[in-house]
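Everything below, folded, please.
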Amino acid sequence: QLQLVESGGGLVQPGGSLRLSCAASGFTLDYYAIGWFRQAPGKEREGVICIDSSGGSTNYADSVKGRFTISRDNAKNTVWLQMNSLKPEDTAVYYCAASDLRLCVSSEGYDYWGQGTQVTVSS
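Down below sits the predicted model:
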């Protein structure tokens, strides 16, 4: 069974940090681009950041530039999203997704999606 599982979400104060993990089972992430997306209550899902199969990253959202970074460890079949200087507007359910196109593409190009992990930024 092909599956992506996110973890690492939680409640953090503004200015704090969290690191989200996206672990794959049933397939190897080596040949996939992995994107992180988020959806806040009452809002549409938006792309956050992506890493292609070669390790290059692309920011989908200008609002996270300089604060969020993405990395991957193919040996561990895992991708991480490091989130620093968190703001209340970063509050959302965060999803990771895999694309066999190997490049960072729009959300329609992603084949597999995780169930999401809640991130809440609040004092």
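
Tell me which residues of the lowest-mean-pLDDT helix or strand in the chain come out buried.
Every helix and strand in the chain was compared by mean pLDDT, DSSP states H and E; the lowest is strand 57-59, with a mean of 91. Using 16 or more other Cβ atoms under 10 Å as the burial criterion, the residues of strand 57-59 that qualify are residue 59. C-beta coordinates here come from the backbone N, C-alpha and C atoms, glycine included.

neighbouring contacts of it?
Strand 57-59 is contacted by residues 48, 49, 50, 51, 52, 65, 68, 69, 70, 104 when judged by Cβ atoms under 8 Å, 6 or more residues apart in numbering.

buried subset of the residues you listed?
Looks like the contacts of strand 57-59 have 48, 49, 50, 51, 52, 68, 69, 70, 104 buried, using 16+ other Cβ under 10 Å.

between those residues, which is closest to residue 82?
Nearest to residue 82 among these is residue 69, at 4.8 Å by Cβ to Cβ.

I figured the closest one was touching residue 82, is that so?
Yes: if you go by Cβ atoms under 8 Å, residue 69 and residue 82 touch, sitting 4.8 Å apart.

where's the residue nearest the centre of the chain relative to residue 123, distance?
Centroid check for the chain by Cα atoms, centre = their mean gives residue 36 as the closest residue, at 2.5 Å. Going from residue 36 to residue 123 by Cβ to Cβ, to the nearest Å gives 24 Å.

ok, back up a step: the buried ones among the contacts of strand 57-59: which two are farthest apart?
Pairwise distances across the buried ones among the contacts of strand 57-59 (Cβ to Cβ) peak at 16.2 Å, for the pair 52 and 68.
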